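Participant: mind looking at a prediction? Sequence and model below.
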Amino acid sequence: MAKHEIDVMQVSLSVCVTKSIEKIRNSKPILKLLKHENRGTYKGLWSFYGPNCFIFYDYKWLSRAIVAHEIYHAATDICEMNGLHVREASGQETGALVCELITTLVYADLKRWGIKVKP
């Protein structure tokens, strides 16, 4: 598993790429506490437990669409944890900037790890 932790707006965000999201999630006690929808097979997963947030990606499903999907969830929830409502007009620019920051960091990690993202 490739993993990197970054701080975004007072939230500790871990970006993880693994062969099995469910296997890694079930192997660590704190990860079992994460809030998320239980949907069976995961292509990507955004979860949080207090100030600890995680984006998981599955190697075999890693695509630009999946990367963007999970980053959107992360940015929206991180903003809302900080009292910024990105779904309202006044918070949209902040949400976009947080998406941009997280996207830049995630793609830098993927490049550093030598992981290719499908179009």
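Facilitator: Great, that's in hand. Because the structure is predicted, anything quoted here is derived from the model rather than measured.

Participant: CA atoms for contacts and neighbours, from now on please.
Facilitator: Fine.

Participant: burial count for A89?
Facilitator: 8 (other C-alpha atoms under 10 Å).

Participant: quick one: it from A96, how far?
Facilitator: 11 Å (C-alpha to C-alpha, to the nearest Å).

Participant: which residues are in contact with the one helix or strand I78 maps to?
Facilitator: Using DSSP states H and E, I78 sits in helix 64-81. Contact with helix 64-81 is made by 8-9, 11, 43-46, 53, 55, 57, 85-86, 94-95, 98-99, 102-103, 117-119, as judged by C-alpha atoms under 8 Å, 6 or more residues apart in numbering.

Participant: these in strands, which ones?
Facilitator: Assignment to strands by DSSP state E places the following of those there: 8, 11, 44-46, 53, 55, 57.

Participant: so where's this structure uncertain?
Facilitator: Scanning the chain for pLDDT under 70 picks out 24-42, 49-50.

Participant: centroid residue for it?
Facilitator: I55 (2.6 Å; C-alpha atoms, centre = their mean).

Participant: is that one in contact with W46, as I believe?
Facilitator: Yes. I55 lies in contact with W46 (C-alpha atoms under 8 Å); the separation is 4.7 Å.

Participant: any buried residues in stretch 45-58, and which?
Facilitator: 45-48, 52-58 (16 or more other C-alpha atoms under 10 Å).

Participant: who are the contact partners of V98?
Facilitator: 75, 79 are the contacts of V98 under C-alpha under 8 Å, 6+ apart.

Participant: distance of it from L84?
Facilitator: Counting by C-alpha to C-alpha, the gap from V98 to L84 is 11 Å.

Participant: returning to what we had before: make CSV out of the buried residues of stretch 45-58 and add distance to K111.
Facilitator: Listed next are the buried residues of stretch 45-58 as CSV, based on distance: C-alpha to C-alpha, whole Å:
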residue, distance to K111
L45, 20
W46, 20
S47, 23
F48, 25
N52, 24
C53, 21
F54, 19
I55, 16
F56, 16
Y57, 14
D58, 16
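
Participant: of all pairs in those, which one is the farthest apart?
Facilitator: By the measure C-alpha to C-alpha, N52 and D58 form the most distant pair in the buried residues of stretch 45-58, at 19.7 Å.

Participant: I'm done for today, thanks for sticking with me.
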